[in-house]
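K.L.:
Here is the input, now give the coordinates:
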Amino acid sequence: MSIAYRLLYRIGFTPWDSVLPGELTAMIEGPDALAPGRALDLGSGKGGKAVYMASHGWRVTAVENVLSAMRDARRRADRAGVRIDFRPGDVTRLTELGLEPGYSLVFDFGCYHGLNPAQRSAYGRGVNALAAPGATLLLMGFTRPLPPVTRGVTAGDLLAHLGSDWAVEWTRPDASRGTSAMNRAAASWFCLRRSDRQA
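P.N.:
A predicted model of the protein is given here:
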């Protein structure tokens with residue numbers, strides 16, 4: 001999957017980088033917004049969402065394995081005058097990045113759905129190692145396969161890979177009328193919350 005994304009970045013076809021989803025803005029600025037804390041942006045691309053969160057008081061760590069995208073993200077953060085902890089790395093190997101646990105928000109805009117089952121389990125272990133008690137996971141994923149995504153995301157699949165510490169707060173179809181690919185793949189949002197007390 002990372003090869004496919006590198007190719008898309010190389011040819012300049014990255015429509016997901018120009019989207020600022022309402023689900024994220026509601027979580028950051030809406031009437032029930034989370035209090036600013038530490039946010040982990042997984043598969044952060046060119047950094048638009050990370051910069052948005054940082055500009056609203058969040059301390060953001062952005063993980064991305066396409067280095068050209070991360071270079072663009074660093075420039076974007078510099079222009080916006082915000083500080084972001086950029087970490088080149090693989091979302092299935094988060095424990096190797098030397099990050100401190102305690103993230104109150106984990107954000108994923110279309111990264112998880114590109115992983116196979118073994119990678120999803122590794123992703124879940126990494127998220128569990130870093131997410132704080134009571135943390136929120138906000139994730140957009142394709143629910144139907146659309147190459148290069150070979151397996152859709154469901155709430156049950158997320159819980160199977162994250163474990164019993166997590167519960168689904170809500171799911172809903174993406175309503176942005178964004179890219180045609182998101183529409184064909186039935187993109188949906190999943191909001192999960194981690195228990196305040198881990199076993």
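K.L.:
Identify the residues contacting stretch 88-103?
P.N.:
2, 37-40, 42-43, 61, 63-65, 67, 70, 87, 108, 111-112, 115, 119, 122-123, 125-127, 129-132, 135 (C-beta atoms under 8 Å, 6 or more residues apart in numbering). Yep, even glycine has a C-beta here, placed from its N, CA and C like the rest.
K.L.:
Could you rerun that using 6 Å?
P.N.:
38, 40, 42-43, 63, 65, 67, 70, 87, 111, 119, 122-123, 126, 129-132 (C-beta atoms under 6 Å, 6 or more residues apart in numbering).
K.L.:
Mind checking which of these are buried?
P.N.:
Buried by 16 or more other C-beta atoms under 10 Å: 38, 40, 42-43, 63, 65, 70, 87, 111, 119, 122-123, 126, 130-132, out of the contacts of stretch 88-103.
K.L.:
Stretch 79-93: which residues count as buried?
P.N.:
Those buried within stretch 79-93 under the rule 16+ other C-beta under 10 Å are A80, V82, I84, D85, F86, R87, G89, D90, V91, T92.
K.L.:
Check stretch 102-110 too.
P.N.:
So stretch 102-110, judged by 16+ other C-beta under 10 Å, has buried residues Y103, S104, L105, V106, F107, D108, F109, G110.
K.L.:
Then stretch 46-60?
P.N.:
In stretch 46-60, counting by 16+ other C-beta under 10 Å, buried: K46, G47, G48, K49, A50, V51, Y52, M53, A54, W58, V60.
K.L.:
Now for the residues you listed: which two are most distant?
P.N.:
Farthest pair in those (C-beta to C-beta) is K46 and W58. Separation: 17.7 Å.
K.L.:
which residues sit in contact with the closest residue to S121 other than its chain neighbours?
P.N.:
Here the nearest residue to S121 in space, its sequence neighbours aside, is H161; by C-beta to C-beta, 6 or more residues apart in numbering that works out to 5.3 Å. Taking C-beta under 6 Å, 6+ apart, we find H161 in contact with R120, S121, G124.
K.L.:
Understood, closing this out.
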